[in-house]
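> Model the following, please.
(one chain, ligands or ions: 2)
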Amino acid sequence: MNDVTILGSGAFGTALAVALAANGSVTLWGRDIDWGRENPRLPGVTLPDQIVLTNDLASATKADTILLALPAQALRSFLDQHARRLDGKRLVSTAKGIDLQRLTGPSILIAEACPNATVAVLTGPSFAADIARGLPTALTLACGDDAAAVDLQKMLSTPVLRLYRSNDVTGAELGGALKNVIAIAAGVVIGAGFGDSARAAIITRGFAEMTRLATHMGARAETLAGLSGLGDLTLTCTSAQSRNFRFGQALGKGEEFDPSTTVEGAATARAVSALGVKLDLDMPIAAMVAKLAQGGASVKTAAESLMTRPLKEE
Ligand SMILES: NC(=O)C1=CN([C@@H]2O[C@H](COP(=O)(O)OP(=O)(O)OC[C@H]3O[C@@H](n4cnc5c(N)ncnc54)[C@H](OP(=O)(O)O)[C@@H]3O)[C@@H](O)[C@H]2O)C=CC1
Ligand SMILES: O=C(CO)COP(=O)(O)O
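Ligands and ions are numbered 1, 2, ... in the order given. Model (predicted):
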């Protein structure tokens with residue numbers, strides 16, 4: 001029998017609750033969770049009865065295993081407020097981003113706020129709508145504690161949600177964060193009408209950038225080539241289900257985009273750009289996405305400046 005709590009009742013937290021209800025009871029906490037049995041962020045999905053919905057954080061955090069399904073830029077302030085309730089637990093982050101102020105991924109934010117917690121990340125190619133519909137999905141569960149990793153892998157897998165295990169937490173979380181930046185770039189390429197060949201180039205050179213930064217920060221290159229990196233990059237650069245891709249498409253077309261939509265790659269591009277400067281790494285695509293997302297460059301200038309950099313070896 002599962003005893004899992006999910007903090008964050010957005011599309012992904014809700015989808016995971018639906019999937020994990022197959023294993024037992026699940027508590028889903030949200031600060032504003034009065035929408036009944038259908039979450040407007042995940043339309044068309046009726047939540048099964050095994051899911052307890054609550055806005056009471058004290059009762060929700062009684063579980064030993066807690067999934068943090070909050071956006072990356074919201075996590076630090078959430079931890080500042082609530083770390084004392086979370087310390088000592090098994091905390092699994094699903095956030096795909098790099099904190100703009102601290103320039104670190106979620107696992108370090110959590111470990112610093114909750115020094116006695118066991119920290120893990122759950123990441124990989126998985127649209128909330130697909131998971132909620134019970135479509136087959138494979139993810140990476142990364143945790144530095146091998147015994148906890150084995151246990152969490154078993155606890156969070158279902159017959160249609162297959163978790164692979166890794167002890168490379170840095171690699172897994174950076175893959176998930178960095179692919180969002182490249183998905184925006186791929187969306188720009190398609191939105192601007194630059195074509196599928198240009199998109200393939202952005203995906204491949206973007207993957208090179210992801211690997212350069214992540215390995216510099218301690219990740220293993222093979223993790224980047226796995227589900228959490230290349231797998232999720234492939235998904236989000238090729239599907240209009242991705243909010244990051246759609247945001248890029250809107251930029252490419254010069255159209256407005258709903259500012260209330262979670263687009264992790266926009267802030268993360270700024271964080272990556274800052275990390276590139278700090279670590280003296282060449283991150284031209286991320287730097288360009290950061291500029292575009294802030295309205296600091298036109299798409300035409302961006303494309304020209306990427307294409308006319310000094311020629312180099314691949
Ligand atoms: N959607 C997807 O397909 C996938 C998403 N992810 C990742 O999961 C994370 C969450 O994304 P997703 O669920 O889609 O985002 P959504 O935009 O659907 O929802 C975000 C949720 O976070 C809540 N929230 C934001 N700030 C706070 C806060 N300070 N305290 C409490 N709750 C807060 C919002 O609450 P409120 O409604 O009250 O504002 C909302 O319920 C992201 O990092 C995303 O990259 C990973 C895989 C797939
Ligand atoms: O991370 C995701 C799929 O794996 C979801 O991508 P978006 O946040 O771009 O919608």
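> what does whichever strand or helix holds residue 119 contact?
Per DSSP states H and E, residue 119 falls inside strand 118-123. Applying CB atoms under 8 Å, 6 or more residues apart in numbering, the contact partners of strand 118-123 are 67, 89-94, 96, 105-107, 110-111, 139-145, 148-149, 152, 156, 163, 169, 172-173, 175-176, 227-228, 232. The C-beta positions use only the backbone N, C-alpha and C, and glycine is treated the same way.
> Okay, buried residues for the helix or strand just after it please.
As assigned by DSSP H and E, the chain's next helix or strand after strand 118-123 is helix 128-132. Across helix 128-132, burial judged by 16 or more other CB atoms under 10 Å covers 128, 130-132.
> Also stretch 184-203?
184-192, 194, 198-199, 201-203.
> Now tell me which helix or strand of this structure has the poorest mean pLDDT.
strand 2-7 (a mean of 88; mean pLDDT, DSSP states H and E).
> which residue packs closest to the closest residue to ligand 1 within the stretch 151-300 of the chain, ignoring adjacent ones?
Nearest residue of the stretch 151-300 of the chain to ligand 1: residue 262, at 3.4 Å (CB to the nearest ligand atom). Excluding the flanking residues, the one nearest residue 262 by CB to CB, 6 or more residues apart in numbering is residue 71, at 5.2 Å.
> My guess is that neighbour contacts residue 263. True?
No - with contacts counted by CB atoms under 8 Å, residue 71 stays clear of residue 263, the gap being 9.4 Å.
> Show me which of these two is the more surrounded one.
Using other CB atoms under 10 Å, the more surrounded residue of residue 71 and residue 263 is residue 263, with 25 against 18.
> ranges for the strands of the stretch 151-300 of the chain?
161-166 (DSSP state E, counting those that start in this stretch).
> which bits of it sit near ligand 2?
Neighbours of ligand 2 within the stretch 151-300 of the chain, by CB under 6 Å from any ligand atom: 180, 183, 232, 235-236, 242-244, 264.
> if we go to 8 Å?
176, 179-180, 183, 232, 235-236, 241-247, 262-265 (CB under 8 Å from any ligand atom).
> Now a PyMOL select for only the buried ones of those.
Command for PyMOL that selects the buried part of those, burial taken from 16+ other CB under 10 Å:
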select buried, resi 176+179+180+183+232+235+236+242+243+244+245+246+247+262+263+264+265
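> Got phi/psi on residue 149?
When read as degrees, to the nearest 10, the backbone of residue 149 gives phi -60, psi -40.
> Counting neighbours, what do you get for the residue lying closest to it once chain neighbours are set aside?
In space, and not counting its chain neighbours, residue 149 is closest to residue 143: 3.9 Å by CB to CB, 6+ apart. Per other CB under 10 Å, the neighbour tally for residue 143 reads 26.
> Let me know whether residue 143 touches residue 152 as I believe.
Yes - counting by CB under 8 Å, residue 143 sits close enough to residue 152 to count as a contact (6.3 Å).
> end to end, how far does stretch 219-226 reach?
12 Å (CA to CA, to the nearest Å).
> That stretch: how far from the chain's middle?
Chain-centre distance of stretch 219-226: 16 Å, with CA atoms, centre = their mean, to the nearest Å.
> average pLDDT for that stretch?
Mean per-residue pLDDT for stretch 219-226: 98.
> Where does the prediction get shaky in this structure?
Where the chain drops to pLDDT under 70, the residues are 1-2.
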